[in-house]
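Student: No letters, just coordinates:
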């Protein structure tokens, strides 16, 4: 009890009343924090008709997950464009809905609408279909986008991505497909992790941020923090496979100031002549007093060296950090110790460089796809961290 009270007092002192209230107002989505209950049976049966049916059959057969209709009790159903009554079948693993399905829906078809809102896993075949199910009340956490008409490698990855989310394919097996089918990640490439289902976040990132970022479709998994960590692990593994020695990774709720490109070039020149593992572009928090080993002026920013980091919104990773990231162990702990932030912060001998004021920000109007709360919850934390660092390196 005393620990809780002490933590509350620290939050209030550092982030003020508004920061403390945001912590209370914007809470974690419990459904995103829970693991998915594994489905029964050894495979899936495919029912109905739809544009993705042939692709699903091919991929399930390849993975040994295609069940037999003659043994319905031992398998889960993937129903393509189902009758509304099918939404309530407890063995329904997913309803795959083509755009034509929505054209046939009537506003008074309460059975179908109730099914879409019920939490049943949905797969839609276009962005328009995604927007339609949202408008009809489906939660994005229950919807997967697999584009109809995708080429075979992209479809294979998209189906595999859903199978991971459905707890039917081990993330490590999916990682093998990613390494085999995705293009190389070269030194100094820029990668943005983004869930294709969250089209608003992706569109804002692409419209408001510097060019040159390649989008990576994040791995979805429950609990969501594990999907996030697997995404970073996959990117790092692909970068190392490609021989990359430095990589920039951001998340699609990052934003950058107008002078970002100039500032980032100067920072990269500084990194070229320094010893470092991670450049931490937005430091969410620091536990205790900042341990600042070195500080220098670089334009309008202060460059600091520190042995800790926290925050994955926008970072640059040296090869040493990519190797540590690729070794993330999903069995090494829970949210307090094994999120990808905590894993990176625990890297032995970690050497972090950061710039304050921070050169990137965290979009407040977006919702966290890991914890489900609005990003404004982070704002007080980030401002408090920046103030604390500046108070120790700038004269009073």
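Tutor: Okay, I see it. Worth saying up front: this structure is predicted, and the values here are computed from it rather than measured.

Student: how long is stretch 343-351 from one end to the other?
Tutor: With CA to CA, to the nearest Å as the measure, the first residue of stretch 343-351 is 14 Å from its last.

Student: And that stretch, what's buried?
Tutor: Within stretch 343-351, the residues scored as buried using 16 or more other CB atoms under 10 Å are 343, 344, 345, 347, 350, 351. Placement of C-beta: from N, CA and C, glycine included.

Student: Just list what the helix or strand containing residue 389 packs against, helices and strands only.
Tutor: When elements are assigned from DSSP states H and E, residue 389 belongs to helix 376-393. Counting contacts by 3 or more CB pairs under 8 Å, 6 or more residues apart in numbering; DSSP states H and E, helix 376-393 is packed against helix 2-25, strand 301-306, strand 352-356, strand 360-362.

Student: If you count contacts, what does the shortest one end up packed against?
Tutor: The one in question is strand 360-362. Using 3+ CB pairs under 8 Å, 6+ apart: strand 360-362 touches strand 254-256, helix 376-393.

Student: Equivalent analysis for the second one, please.
Tutor: Using 3+ CB pairs under 8 Å, 6+ apart as the contact definition, the elements that strand 301-306 packs against are helix 260-272, strand 294-298, strand 352-356, helix 376-393.

Student: Run the angle between the helix holding residue 389 and strand 301-306 for me.
Tutor: Here helix 376-393 points in a direction 90 degrees away from that of strand 301-306 (axes from the mean of the first three to the mean of the last three CA atoms, to 10 degrees).

Student: Just want the angle from helix 376-393 to strand 352-356.
Tutor: Counting by the same axes, to 10 degrees, helix 376-393 points 90 degrees away from the direction of strand 352-356.

Student: tell me the mean pLDDT over helix 376-393?
Tutor: Across helix 376-393, the average pLDDT comes to 77.

Student: can you give me the strands in the stretch 201-350 of the chain?
Tutor: Secondary structure of the stretch 201-350 of the chain (DSSP state E, counting those that start in this stretch): strands located at 213-217, 246-251, 254-256, 278-280, 294-298, 301-306, 314-318.

Student: Pick the most deeply packed of those strands.
Tutor: Comparing the strands of the stretch 201-350 of the chain by mean neighbour count (mean count of other CB atoms under 10 Å), strand 278-280 comes out on top with a mean of 26.

Student: Adjacent strands (with direction) for that strand?
Tutor: Strand 278-280 pairs in its sheet with strand 314-318 (antiparallel), strand 352-356 (parallel), by DSSP bridges.

Student: and the last one with strand 294-298, angle?
Tutor: Same thing as strand 352-356. Between strand 352-356 and strand 294-298, the angle comes out at 40 degrees (the same axes, to 10 degrees).

Student: residues in contact with strand 352-356?
Tutor: Residues outside strand 352-356 that contact it (CB atoms under 8 Å, 6 or more residues apart in numbering) are 263, 267, 270-271, 274, 276-281, 283, 298, 301-309, 386, 389-390, 393.

Student: ok so, going back, so which of the helices and strands packed on strand 360-362 is the most packed in?
Tutor: Using mean count of other CB under 10 Å, strand 254-256 ranks as the most buried of the helices and strands packed on strand 360-362, with a mean of 20.

Student: and it, what's its mean pLDDT?
Tutor: 88.

Student: Run the chain-centre distance for it.
Tutor: The chain centroid and the centroid of strand 254-256 are separated by 16 Å under CA atoms, centre = their mean, to the nearest Å.

Student: other SSEs contacting it?
Tutor: helix 199-208, strand 360-362.

Student: pLDDT of the longest one, averaged?
Tutor: Confidence over helix 199-208, taken as the mean pLDDT, stands at 88.

Student: in that helix, what's buried?
Tutor: Applying 16+ other CB under 10 Å to helix 199-208 flags 199, 201, 202, 204, 205 as buried.

Student: do stretch 326-338 as well
Tutor: Those would be 326, 328, 338, for stretch 326-338 by 16+ other CB under 10 Å.

Student: which residues of the stretch 51-200 of the chain fall in strands?
Tutor: Along the stretch 51-200 of the chain, the segments classed as strands by DSSP E, counting those that start in this stretch run 75-80, 92-97, 122-124, 143-145, 189-194.

Student: can you give me the helices for the stretch 1-150 of the chain?
Tutor: 2-25, 30-33, 53-62, 99-103, 110-116, 127-135 (DSSP state H, counting those that start in this stretch).

Student: So which residue is dead centre in this structure?
Tutor: The structure's the chain has its C-alpha centroid closest to residue 228; by CA atoms, centre = their mean the separation is 4.3 Å.
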